[in-house]
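[1] Any chance you can model this:
(chains A and B)
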There are 2 protein chains.
Amino acid sequence: MKVDGKHFRSIWFDGDRDTVQIIDQRWLPHEFRVVDLTTLEDFAVAIRDMWVRGAPLIGATAGYGVAVEMARDPSDASLDHTWDYLHATRPTAINLRWALDDMRALLAPLPAGERAAAAMARAHQICDEDVECNRQIGLNGLEIIKKIAATKKPGEPVRILTHCNAGWLATVDWGTATSPMYHALEAGIPIHIWVDETRPRNQGAQLTAWEMVSHDVPHQLIVDNAGGHLMQHGLVDLVIVGTDRTTSHGDVCNKIGTYLKALCAHDNNVPFYVALPSPTIDWTLKDGVAEIPIEEREDEEVTRVWGKLDDGTVAQVQICPDGSPAGNPAFDVTPSHLVTGLITERGVCEASAQGLAALFPERVLD
Amino acid sequence: MKVDGKHFRSIWFDGDRDTVQIIDQRWLPHEFRVVDLTTLEDFAVAIRDMWVRGAPLIGATAGYGVAVEMARDPSDASLDHTWDYLHATRPTAINLRWALDDMRALLAPLPAGERAAAAMARAHQICDEDVECNRQIGLNGLEIIKKIAATKKPGEPVRILTHCNAGWLATVDWGTATSPMYHALEAGIPIHIWVDETRPRNQGAQLTAWEMVSHDVPHQLIVDNAGGHLMQHGLVDLVIVGTDRTTSHGDVCNKIGTYLKALCAHDNNVPFYVALPSPTIDWTLKDGVAEIPIEEREDEEVTRVWGKLDDGTVAQVQICPDGSPAGNPAFDVTPSHLVTGLITERGVCEASAQGLAALFPERVLD
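    The predicted structure follows:
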């Protein structure tokens, strides 16, 4: 999407300079840094140290990493080493493994001399497929926004709350939860976004708010505590969030605090939608609360907050007394009965086994 | 309560030095600063600039402010001026007005020569009454904790979640929501407190966590997003929060985000109690969501976070991009049907007109 009027993806190949470029997201929202990734080590660092984040973007970055290394050394040994080396950067990232497996399955049967070109073509394709998937999610979500807009007075915005960053920065472009919003803007529908800051890591304040400022989307940043009050007073028309993993029965695992927003949406009859590319559906799971293990992350994410000092430098401040231990579950699960619908690239369905099976009949296991 | 093993109130009269002292709470949790208040101006600054905060403590501070000024000039003109001067510091604070009215009603009929002594005696009494009220709240809440403790294995703690700071720092001693916790500790019942950080002003992280560290109470700091997940997984036995204002029908106005905790408590069958001294009941109101106006505070509370840098100095960091507007409702209302019970100084009652009327029959209007 746009940054100061110019269109960007989160990763791209600069053909003039024959170089892959990314936005080094560690500095957002305070600095917009574009960097070259030219060696396998560059790609590994970018993934491991979270210069890029978000499952689709990690997969796309890995794809380009393989392509760049194949241009240097297309041997079987190099292909195996590249898989191992990149996989080790974030071993639990499912999309990383998927992209690496996909690249190796394509390249292994080819003569070494053909691997570099094939790898680069496939890396481009992985990006384009992600963009197209998110575009479809956006078009499907746009229909929901259009229906709400039709109930509004002319010029009155559709007010959408979102949590965390399921934006274009987490994908190659469009984002998932944000794609319907960007499509609404392109369709001329006025919108206003309530951006949850999303403690502890503040991806809402740092990334989603930055997307909104950069693309000129009307919005307000709110603390995670505020959404319930806004809904009680009729100030939210719709919630759209992303997801890290959705079960075959429609339970939604997403950033910690999503469940609380689903509860207040339900209590106030505010539609609560989850936008997801179908690869994030885990067809092997049913009961999300019981079956999905929740990562407990380090205390410092809770006890320290990162931001920009008045002199423009960035720093962390400790917000609590020395000696206070923290608890830091990174995700929670929203039971399907609190979810109005799932917005996928194939269409919108009920968050249930039946709903998902109707859209993805080929994936139903039994 | 205790700070490093020594007992403190949040305001006290040092008889040896004939001086009122407070904890300058602006520096908590990073510095424990005790300061003298010796002139009327000192008291006004302490209230206006939030060196002291919390309704009961503001009232107590105003009482001492009047007493100190009466010792300097006990004239009628001085009494009127003192009322006006202190009232202007935080004109919307109901307890401030209550304390000033109470002092003036006592002092105005007295000869000027008797006013200083009477004022000081009454200021002491206001403090002692607050302490006794909170002690009763604690004893009543203790019964709830005892019942839960009886269902636990020996040594297994009762896990209590609280939001914001309804602790001894907001009162003269004991606190309201924290009083049952401190009483449980004194009764030898093991407890574990989940402390919501309470964005945007982080009173949980700054004040409640500091109380817990200082008094050696087992606890963990969590982000406001985490409580729902903890309750889903059976890790919270009880919620106790304070309130700024409770309606005659039991709707509870409290710090923003309280409503979200009540929703997840309700969804997971976790008892949700509100601790309150009866003066915070607004007998003129019924429907809290419809009738209680919610203060919208400045953007900077959301966009900037205060804390301690690694070099030990305190500073604010901006967490979002330049140009992101914020929304900052300071309170929300939890409907009575989500509240398990109200813990008052007279006993525990249902959060309803009937429940409150049974405890406070003299206050029922019609």
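[2] so A:Y273 makes contact with A:I343?
    Yes - with contact defined as Cβ atoms under 8 Å, A:Y273 and A:I343 form a contacting pair (5.5 Å). C-beta coordinates here come from the backbone N, C-alpha and C atoms, glycine included.
[3] between the two, what contacts are shared?
    Common neighbours of A:Y273 and A:I343, counting by Cβ atoms under 8 Å, 6 or more residues apart in numbering or on different chains, are A:141, A:144, A:240.
[4] Which strand or helix spans A:V305?
    Using DSSP states H and E, A:V305 falls within strand A:304-308.
[5] I'd like the next helix or strand past that strand.
    strand A:314-318.
[6] Within range of chain B, give me the residues from the stretch 251-366 of chain A.
    A:255-257, A:259-260, A:263-264, A:267, A:289, A:294, A:302-310, A:314-329, A:331-333 (Cβ under 8 Å from any Cβ of the partner chain).
[7] Can I get the buried part of the residues you listed as one PyMOL selection?
    Selection of the buried residues among these in PyMOL, burial being defined by 16 or more other Cβ atoms under 10 Å in any protein chain shown:
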select buried, chain A and resi 255+256+257+259+260+263+264+267+289+294+302+303+304+305+306+307+308+315+316+317+318+319+320+321+324+326+327+328+329+331+332+333
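[8] max-length helix in chain A?
    Secondary structure assigned by DSSP state H gives helix A:112-149 as the longest helix of chain A.
[9] Relative to the helix or strand following that helix, what are the paired strands and their orientations?
    Counting by DSSP H and E, the element after helix A:112-149 in chain order, helix or strand, is strand A:158-162. Strand A:158-162 pairs in its sheet with strand A:191-196 (parallel), strand A:238-241 (parallel), by DSSP bridges.
[10] What residues of stretch A:341-351 count as buried?
    A:341-345, A:348-351.
[11] would you turn those residues into JSON lines with pLDDT?
    Converted to JSON lines, these look like this (pLDDT from 0 to 100):
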{"residue": "A:G341", "pLDDT": "98"}
{"residue": "A:L342", "pLDDT": "98"}
{"residue": "A:I343", "pLDDT": "98"}
{"residue": "A:T344", "pLDDT": "98"}
{"residue": "A:E345", "pLDDT": "98"}
{"residue": "A:V348", "pLDDT": "98"}
{"residue": "A:C349", "pLDDT": "98"}
{"residue": "A:E350", "pLDDT": "98"}
{"residue": "A:A351", "pLDDT": "98"}
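[12] Can you give me the buried ones in stretch A:63-74?
    For stretch A:63-74, by 16+ other Cβ under 10 Å, it's A:63-70, A:74.
[13] do the same with stretch A:124-143
    Buried-residue list, stretch A:124-143, by 16+ other Cβ under 10 Å: A:124, A:126-127, A:130-131, A:133-142.
[14] Could you do stretch A:38-53 as well?
    Here stretch A:38-53 shows A:40, A:42-44, A:46-47, A:51-53 as buried, counting by 16+ other Cβ under 10 Å.
[15] What lies in contact with it?
    If you take Cβ under 8 Å, 6+ apart as the criterion, stretch A:38-53 is touched by A:10-11, A:19-20, A:22-26, A:35-37, A:58, A:61-62, A:64-65, A:68-69, A:72, A:82, A:85-86, A:88-90, A:93, A:96, A:169-170.
[16] redo that, cut-off 6 Å
    Stretch A:38-53 has contacts (Cβ atoms under 6 Å, 6 or more residues apart in numbering or on different chains) with A:22, A:24, A:26, A:37, A:58, A:61, A:65, A:69, A:86, A:89-90.
[17] start to end distance for that stretch?
    The first residue of stretch A:38-53 is 19 Å away from its last residue (Cα to Cα, to the nearest Å).
[18] Rounded mean pLDDT for it, please.
    Mean pLDDT, stretch A:38-53: 97.
[19] likewise stretch A:179-199?
    The model assigns stretch A:179-199 a mean pLDDT of 98.
[20] and what of stretch A:225-232?
    Stretch A:225-232 comes out at a mean pLDDT of 98.
[21] can you check stretch A:98-111 too?
    Mean predicted confidence for stretch A:98-111 is 97.
[22] what's in contact with that stretch?
    So stretch A:98-111 is contacted by A:59, A:62-63, A:66, A:79, A:83, A:86-87, A:115, A:118-119, A:122 (Cβ under 6 Å, 6+ apart).
[23] Quickly name whichever of the residues you listed is closest to B:D216.
    A:H87 (45.9 Å; Cβ to Cβ).
[24] domain ranges for chain A?
    A:2-129, A:143-359 (automatic domain parsing).
[25] Show me which of those domains has the highest average neighbour count.
    Counting by mean count of other Cβ atoms under 10 Å in any protein chain shown, domain A:143-359 has the highest mean neighbour count of those, with a mean of 21.
[26] Relative to A:E345, how far out is A:E211?
    A:E211 sits 20 Å away from A:E345, going by Cβ to Cβ, to the nearest Å.
[27] Kindly report the same for A:L57.
    17 Å.
[28] right, and A:I11 touches A:G59 too?
    No - judged on Cβ atoms under 6 Å, A:I11 makes no contact with A:G59 at a distance of 10.2 Å.
[29] Would you map the helices across the stretch 1-150 of chain A?
    Assigned by DSSP state H, counting those that start in this stretch, the stretch 1-150 of chain A shows helices spanning A:40-48, A:55-72, A:76-87, A:94-107, A:112-149.
[30] Nearest to B:L285, out of these?
    The nearest among the helices of the stretch 1-150 of chain A, by Cβ to Cβ, is helix A:112-149 at 32.7 Å.
[31] Specify the angle between that closest one and helix A:94-107 in degrees.
    Here helix A:112-149 runs at an angle of 140 degrees relative to helix A:94-107 (axes from the mean of the first three to the mean of the last three Cα atoms, to 10 degrees).
[32] Show me what helix A:112-149 is packed against.
    In terms of contacts (3 or more Cβ pairs under 6 Å, 6 or more residues apart in numbering or on different chains; DSSP states H and E), helix A:112-149 is packed against helix A:55-72, helix A:94-107, strand A:158-162, helix A:179-186, strand A:341-343.
[33] Quickly find the element holding the closest residue to A:L338 other than its chain neighbours.
    The shortest distance from A:L338 to any non-neighbouring residue, by Cβ to Cβ, 6 or more residues apart in numbering or on different chains, is to A:A262 (4.0 Å). Using DSSP H and E, A:A262 falls within helix A:258-267.
[34] Pull the distance from that helix to the chain's centre.
    20 Å (Cα atoms, centre = their mean, to the nearest Å).
[35] can you list contacts of that helix?
    Outside helix A:258-267, the residues touching it (Cβ under 6 Å, 6+ apart) are A:163, A:227-228, A:231, A:239, A:241, A:272, A:332, A:334, A:338, B:228, B:260, B:263-264, B:267.
[36] Appreciated, that's everything.
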